[in-house]
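A.B. asks: no sequence on hand, only this structure:
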């Protein structure tokens, strides 16, 4: 219950804090919130994905669209994907914290596990306990998980990322993908994104 209350308070601050326009840079401080990048860092095209771990449409994007984009564009070195958190509720915030606390090499596998099992943990009787269970599967100890939920700099960084996305790109829903400075709904199919990426390749 203490963890739930802490996350509820953190999310309330995230939603209600009054922040002057332009106070945040589009990219969060790398010390508090190092970028999680899928693909080669020097890939010529960048997709920035803003997602919430409790969002069914985000889970669908990761299950149905991203795998083919990864095969055709990311694994071939043409595109890199930068994942940024845009939690829509306190459970998404808790899941984002745990995903950010696992070793960097386990980050995207952790996301896959959380999205694939979203219906199970998000609707369980004790979802925060379920989230911690996935953290343990990724190698986090009970002490590490407790420290993760108490990591205020990380909570603040997620808040900054969310606010910057809203102010810079007017993002208010997930998943939202920023490609070449333009925002696209992640609810589109593979063919939609492939056409955009192929067009950018041929510029």
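C.D. replies: Received the coordinates, thanks. Just so it is clear, the structure is predicted and the values come from calculations on it, not from any experiment.
A.B. asks: what's the mean pLDDT across the helix or strand hosting residue 69?
C.D. replies: Secondary structure assignment for residue 69, by DSSP states H and E: helix 66-69. Computed over helix 66-69, the mean pLDDT rounds to 98.
A.B. asks: residues in contact with the very next helix or strand once past that helix?
C.D. replies: On the C-terminal side of helix 66-69, the closest following helix or strand by DSSP H and E is strand 79-85. Under the contact criterion C-beta atoms under 8 Å, 6 or more residues apart in numbering, strand 79-85 has outside partners 28, 35-41, 43-53, 66, 69-70, 73-74, 92, 96, 100, 107-108, 111, 158, 161-162, 165, 197. In short, each C-beta sits where N, CA and C put it, glycine included.
A.B. asks: ok, now with 6 Å
C.D. replies: If you take C-beta atoms under 6 Å, 6 or more residues apart in numbering as the criterion, strand 79-85 is touched by 35-39, 43, 45-50, 73, 96, 158, 161.
A.B. asks: out of those residues, list just those in helices.
C.D. replies: Per DSSP state H, helices hold the following members of those: 96, 158, 161.
A.B. asks: could you report the neighbour count for the second one?
C.D. replies: To tie it back to what came earlier, the one meant is residue 158. Neighbour count for residue 158, taken as other C-beta atoms under 10 Å: 26.
A.B. asks: residues in contact with it?
C.D. replies: Going by C-beta under 6 Å, 6+ apart, residue 158 touches residue 85.
A.B. asks: what pLDDT is listed against the most centrally placed residue in the chain?
C.D. replies: Closest to where the C-alpha atoms of the chain average out (C-alpha atoms, centre = their mean) is residue 85, at 3.3 Å. For residue 85, the model assigns a pLDDT of 97.
A.B. asks: repeat that for the one 5 residues further on.
C.D. replies: Among the per-residue scores, residue 90 shows a pLDDT of 93.
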